[in-house]
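K.L.:
coords please:
(2 chains)
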Number of protein chains: 2
Amino acid sequence: MRKLFQEDLHNVGDQLTGMAVRVAEAMERAYRSFETTDVQLADEVIAADARIDAQQNDLDEKAIQLLALQGPVASDLRLIVGALRMSTSLERMGDLARHIAQLTRLRYPDPVAPASLVPVYREMAVKDIAIAHKLVELLQSRHLGLVSEVLALNAQINDLHAGIFVSIAQPEWAASPASTADATLASRYFERFGDHGVSVARKVQYLVTGEWTAPPAS
Amino acid sequence: MRKLFQEDLHNVGDQLTGMAVRVAEAMERAYRSFETTDVQLADEVIAADARIDAQQNDLDEKAIQLLALQGPVASDLRLIVGALRMSTSLERMGDLARHIAQLTRLRYPDPVAPASLVPVYREMAVKDIAIAHKLVELLQSRHLGLVSEVLALNAQINDLHAGIFVSIAQPEWAASPASTADATLASRYFERFGDHGVSVARKVQYLVTGEWTAPPAS
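P.N.:
Now for the predicted structure:
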């Protein structure tokens, strides 16, 4: 029984990794649709989000079964509760990628972002995608140096997000009010994606070390 | 032992209700600071959010202890896992009230919202606060007619949120780009608060009925 339980725990870990893989792919494709105004790709991202939601449901049901059947204690219990929390964050990251695709669909055939901001969004998206990839690696390897890397990327995303508002407040800002609203929402979505990535990374760290403070980046 | 456990479960329910009470108060005060440009009140809301976070931590620790010590199964287990989910949503509602207060602080002594939109934000906030009060009542009474009322209020908030973007796109929109960005974020925060309220309401309903579909409003 004990060995089976450990296998089940590993399965939950694999399911989390699977969610993180899909989330990375969702943001990669959502950003591509956003930058290239590819409405077909945007629709694919919107449709694919249901699969991430289904992965979360599967994982949650599995976790609840383990709680019911195994009555785990101590670190195993915290692992399962932690998995429930991480699946929520990953599901939310999928939603945010979908929101980027939905903005693309809403404004099609116009691009969402004013041309002057495209390089900033690209940088935010690249860092978001990097965070998702690091979560995949972290969930597999539990190499805690990755936690600090996620935190550093997220801090950079926060700076880029703040920079968007500085750009919007400049006298030379020429976008329409509707476009200004879109630019604001897009920036918020990219920024929140990083925040949720940090939540997942911190949770892994807590489960491995029992501490919330990240070690220095490796 | 069994009787003590039932008392513990009640305590978790009381803690959720306590969080909902604080969240309603946070949004009521955050909106008041936002409308009246009361930076001192905004600061109080920002500081008070730490108490909601602490309530969440207490509740989560209690729930994990119950899982560890009691090894609950079936409906008791779902109740505890549901409580963990609800505490996450309530904590997030507190964050969103704090974000409204932070916008107020950021723009002080200017108001965040263009005067033309104040009535719309007021309506959003009144409905958000009503949702939080209905969550308090729902958590206490488990009267499921309240779920449909929360859903209806949230649908109205979504319409108001969409209306903000229609206003921003009108030729007579005269706010600065920075103010347009603030107006967008504020609307998003009020809208998300309602979404999290719906999550809590649906979770209570699921725990009571085992079904996700709401009964008609009473």
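
K.L.:
tabulate the CA atom coordinates of stretch A:119-132 in CSV.
P.N.:
Taking Å, rounded to 0.1, in the frame of the first residue of the first chain, the C-alpha atoms of stretch A:119-132 are listed here in CSV:
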residue,chain,number,x,y,z
PRO,A,119,8.9,45.4,-27.7
VAL,A,120,7.9,45.8,-24.1
TYR,A,121,5.1,43.2,-24.3
ARG,A,122,7.5,40.9,-26.1
GLU,A,123,9.9,41.1,-23.2
MET,A,124,7.1,40.5,-20.7
ALA,A,125,5.9,37.5,-22.6
VAL,A,126,9.4,36.0,-23.1
LYS,A,127,9.9,36.3,-19.3
ASP,A,128,6.4,34.8,-18.6
ILE,A,129,7.2,31.9,-20.9
ALA,A,130,10.6,31.5,-19.2
ILE,A,131,8.9,31.4,-15.8
ALA,A,132,6.5,28.7,-17.0
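
K.L.:
any idea how far it is from the chain center?
P.N.:
11 Å (CA atoms, centre = their mean, to the nearest Å).

K.L.:
cool, stretch A:152-159 as well?
P.N.:
Centre-to-centre, stretch A:152-159 and its host chain are 14 Å apart (CA atoms, centre = their mean).

K.L.:
tell me the buried residues in that stretch?
P.N.:
A:153-154, A:157 (16 or more other CB atoms under 10 Å in any protein chain shown). Where C-beta positions appear, they are placed from N, C-alpha and C, glycine not excepted.

K.L.:
surely residue A:95 touches residue A:46?
P.N.:
No. The pair residue A:95 and residue A:46 does not pass the contact test of CB atoms under 8 Å, sitting 10.6 Å apart.

K.L.:
count of neighbours near the residue of chain A at minimum distance from chain B?
P.N.:
With CB to the nearest CB as the measure, residue A:71 is the residue of chain A nearest to chain B, at 3.5 Å. Residue neighbour count, defined by other CB atoms under 10 Å in any protein chain shown, stands at 16 for residue A:71.

K.L.:
would you mind measuring from it to residue B:9?
P.N.:
Note on residue A:71: its distance to residue B:9, by CB to CB, to the nearest Å, is 17 Å.

K.L.:
same deal with residue A:149?
P.N.:
Taken as CB to CB, the span from residue A:149 to residue B:9 is 41 Å.

K.L.:
same question for residue A:18.
P.N.:
As defined by CB to CB, residue A:18 lies at a distance of 33 Å from residue B:9.

K.L.:
so where is chain A shaky, pLDDT-wise?
P.N.:
Scanning chain A for pLDDT under 70 picks out the ranges A:1-2, A:4, A:211-218.

K.L.:
can you do 90?
P.N.:
Within chain A, the stretches with pLDDT under 90 are A:1-11, A:68-76, A:78, A:113, A:206-218.
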